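S.K.: Curious how this folds, go ahead:
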Amino acid sequence: MSEIPIPEDFQSWAKGRLGKESSKFLSHLDESPIRGMLVNPRKDLEVEGLEKVAWNPLGCYVPEGHKFSTDPLWHAGTYYSMDASCMFLGHVYNEIFQDDNSRPKRVLDLCAAPGGKSLVLSSVMRENELLVSNEISKLRAATLKENLLKWGAAHNYILRQKPEQFQRMPGFYDLVVVDAPCSGEGMFRKRPKSREQWSSDKVKMNADRQKAILKSAVVCLQKDGHLVYCTCTFNDQENIEIVQWLCKEYGMNSVEIKTEKAWNIEERKEGNCVGYQFWPHKVKGEGFFIAVLKHGNGEQIDHDRYRSRRKIKPYPKKHYLRIKRFFNLPEGYALHEKDTKAITCCHEELMDDIMALNGLYRPSYYGVEIGMMNKDIFLPLHALALNAVVTSRQRKVELSYAEALQYLRRETLDLDYDRPGWVQASYQDISLGWMKVLIRKINNHYPINWRLKK
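M.R.: Numbering: from 1, shown residues only. Below you'll find the predicted structure:
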């Protein structure tokens, strides 16, 4: 039980909203949080015996006492620690596009850090579909980039833009996800300090802030595109009332999502508007709200409109022949060199969209940066070791658990291995990153900003 009390105003609200259930609800907020993990479908992780999350086949519950920070497989991106309730987004995506076999989708995660929602989306999207993940905060954007690179997909495009900047591409996206900044009532159990930051005034302030963000989200949706709005809070002012506002202000249509009765997710209806509320005393997860809206009044665009004059030149074939022994280039993918000199791999069907985005924004990262040339020498980049689409051909050196932790701390390893060259540090046959074997030592090339603190 937390030493920080639940605010009295919130307790009064809960009694009015839930009636007799409120005591059970409030008592659950003082219990230990339920920890979940999203399993990476692109990497081989054995999860037999773990309890599955009912609404997402890639979700599992974490055994009590498990420490993510000291698990090399977590650092390798085989799974991601996240709340089970939030994994419902994967089910929502499949429900929206289950019968849609038209052109590849463009998806925007507008408030993406630290990356959980983007990882859920990436796990259900095809590799020829574009996932744009945005985060304005420099520090949080760095965490977002780290988590996406570890996940090992190749369709990511990472931005640091204010929401209003997305109005520069009206009608561009098929789906926009807004995990809106909120009062955080659903975090009272997981992060008790959030109780001290809560107030009824902040509820109203966040509702106004959410509307400002959503204005930009609506503009960049194409005709019949979908908006997914979600929060980690319980009050109606930030949840169903926002859905009502979107329907009234923009003529959007609220969309029902199929759920199973056994999931115990509350369907929250007000008139023609519907949302889905996760209560911690009813589901095995934290507090969460999600709603889906269809934008029938969105801008119908000709997608050739966004073809950019800033062309990306393919990587010269004569240079590719010199470096191809380092990696496997899947069919349908192409290489080019960025202004930063990073040799980058992208799906050919994404190139027009990437060029269009590059014409308006400066991305933090996109595609898979596999390496750089230093004169005539190829230097592999960390993303190549972690990627599950464009995979490395370099040898793996299997590490013990203790050695893997040494590697993740960026310490020098004393290994019985003397074949010079670049090798992948591996744990349970999953790549962790690069090492360079020299004549008398092995250099640890794990990214310094990612290293595990002692």
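S.K.: Which parts of the stretch 51-200 of the chain are helices?
M.R.: Assignment of helices within the stretch 51-200 of the chain using DSSP state H, counting those that start in this stretch yields the ranges 72-75, 88-97, 116-124, 138-151, 194-197, 200-219.
S.K.: Now do R309, the pLDDT please.
M.R.: On the pLDDT scale, R309 is placed at 57.
S.K.: cool, and L413?
M.R.: Looking at L413, its pLDDT is 93.
S.K.: Now do it against K441, distance only.
M.R.: 9 Å (Cβ to Cβ, to the nearest Å). Using the backbone N, CA and C atoms, a C-beta is placed for each residue, glycine as well.
S.K.: which of the helices of the stretch 51-200 of the chain sits most buried?
M.R.: Mean neighbour count (mean count of other Cβ atoms under 10 Å) peaks for helix 116-124 among the helices of the stretch 51-200 of the chain, with a mean of 25.
S.K.: Now that helix: average pLDDT?
M.R.: On average, helix 116-124 scores 98.
S.K.: angle of it against helix 88-97?
M.R.: For helix 116-124 against helix 88-97, the angle by axes from the mean of the first three to the mean of the last three Cα atoms, to 10 degrees is 50 degrees.
S.K.: Packing partners of helix 116-124?
M.R.: strand 36-39, helix 88-97, strand 106-109, strand 130-134, helix 138-151, strand 173-179 (3 or more Cβ pairs under 8 Å, 6 or more residues apart in numbering; DSSP states H and E).
S.K.: can you do 7 Å?
M.R.: Contact partners of helix 116-124 among helices and strands, from 3 or more Cβ pairs under 7 Å, 6 or more residues apart in numbering; DSSP states H and E: helix 88-97, strand 106-109, strand 130-134, helix 138-151, strand 173-179.
S.K.: how much does the longest one deviate in direction from strand 130-134?
M.R.: Put plainly, it is helix 138-151. 150 degrees.
S.K.: quick thing: my sequence starts at 6, can you match it?
M.R.: All set: I'll call the first residue 6, so the last point we hit is now helix 143-156.
S.K.: Run through who's touching helix 143-156.
M.R.: 45, 81-82, 85, 117-120, 123-124, 127, 138, 140, 161, 163, 165, 369-370, 388, 391, 455 (Cβ atoms under 7 Å, 6 or more residues apart in numbering).
S.K.: Restricting the selection to alpha carbons, write that helix to PDB.
M.R.: Listed next in PDB are the C-alpha coordinates belonging to helix 143-156 (Å, rounded to 0.1, in the frame of the first residue of the first chain):
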ATOM      1  CA  LYS A 143      14.500  15.600 -27.000                       C
ATOM      2  CA  LEU A 144      15.100  13.400 -24.100                       C
ATOM      3  CA  ARG A 145      11.900  11.300 -24.600                       C
ATOM      4  CA  ALA A 146      12.600  11.100 -28.300                       C
ATOM      5  CA  ALA A 147      16.000   9.500 -27.600                       C
ATOM      6  CA  THR A 148      14.200   6.800 -25.600                       C
ATOM      7  CA  LEU A 149      11.700   6.400 -28.400                       C
ATOM      8  CA  LYS A 150      14.400   5.900 -30.900                       C
ATOM      9  CA  GLU A 151      16.300   3.400 -28.700                       C
ATOM     10  CA  ASN A 152      13.100   1.300 -28.200                       C
ATOM     11  CA  LEU A 153      12.200   1.300 -31.900                       C
ATOM     12  CA  LEU A 154      15.800   0.300 -33.000                       C
ATOM     13  CA  LYS A 155      15.800  -2.500 -30.500                       C
ATOM     14  CA  TRP A 156      12.500  -3.800 -31.900                       C
END
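S.K.: what's the spacing between that helix and its chain's center?
M.R.: 9 Å (Cα atoms, centre = their mean, to the nearest Å).
S.K.: pLDDT of it, averaged?
M.R.: Helix 143-156 carries an average pLDDT of 97.
S.K.: can you pull the buried residues of stretch 263-277?
M.R.: Going by neighbour count (16 or more other Cβ atoms under 10 Å), the buried part of stretch 263-277 is 264, 268, 270, 273.
S.K.: Run through the protein and note the low-pLDDT ranges.
M.R.: The chain contains residues with pLDDT under 70 at 6-7, 303-315, 459.
S.K.: center of it - which residue?
M.R.: S123 (2.2 Å; Cα atoms, centre = their mean).
S.K.: List the residues that contact that residue.
M.R.: 114, 117, 136, 138, 153.
S.K.: okay, those residues in JSON lines with distance to K323 next?
M.R.: Shown next, in JSON lines, are the contacts of S123 (distance: Cβ to Cβ, whole Å):
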{"residue": "D114", "distance to K323": "38"}
{"residue": "A117", "distance to K323": "38"}
{"residue": "L136", "distance to K323": "32"}
{"residue": "S138", "distance to K323": "35"}
{"residue": "L153", "distance to K323": "32"}
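S.K.: and of those residues, the nearest to D358?
M.R.: L136 (10.7 Å; Cβ to Cβ).
S.K.: Would you check how far apart that closest one and E169 are?
M.R.: L136 is 21 Å from E169, by Cβ to Cβ.
S.K.: sec struct for Y234, please.
M.R.: strand (DSSP: H, G, I helix; E, B strand; the rest coil).
S.K.: Might you report the residue contacts of it?
M.R.: 183, 185, 247-248, 296, 298.
S.K.: how near is it to F293?
M.R.: With Cβ to Cβ as the criterion, Y234 and F293 are 12 Å apart.
S.K.: do the same with I348
M.R.: As defined by Cβ to Cβ, I348 lies at a distance of 40 Å from F293.
S.K.: ok, now L78?
M.R.: According to Cβ to Cβ, L78 and F293 sit 26 Å apart.
S.K.: swap in P68?
M.R.: Distance of P68 to F293, computed by Cβ to Cβ: 22 Å.
S.K.: So between those two, which is more surrounded?
M.R.: F293 (26 against 11; other Cβ atoms under 10 Å).
S.K.: Could you list the domains of the protein?
M.R.: Domain ranges of the chain: 13-300, 313-398, 399-459, per automatic domain parsing.
S.K.: okay but D179 is in contact with L113, surely?
M.R.: No. In this structure D179 lies outside contact range of L113 using Cβ atoms under 7 Å: 9.1 Å.
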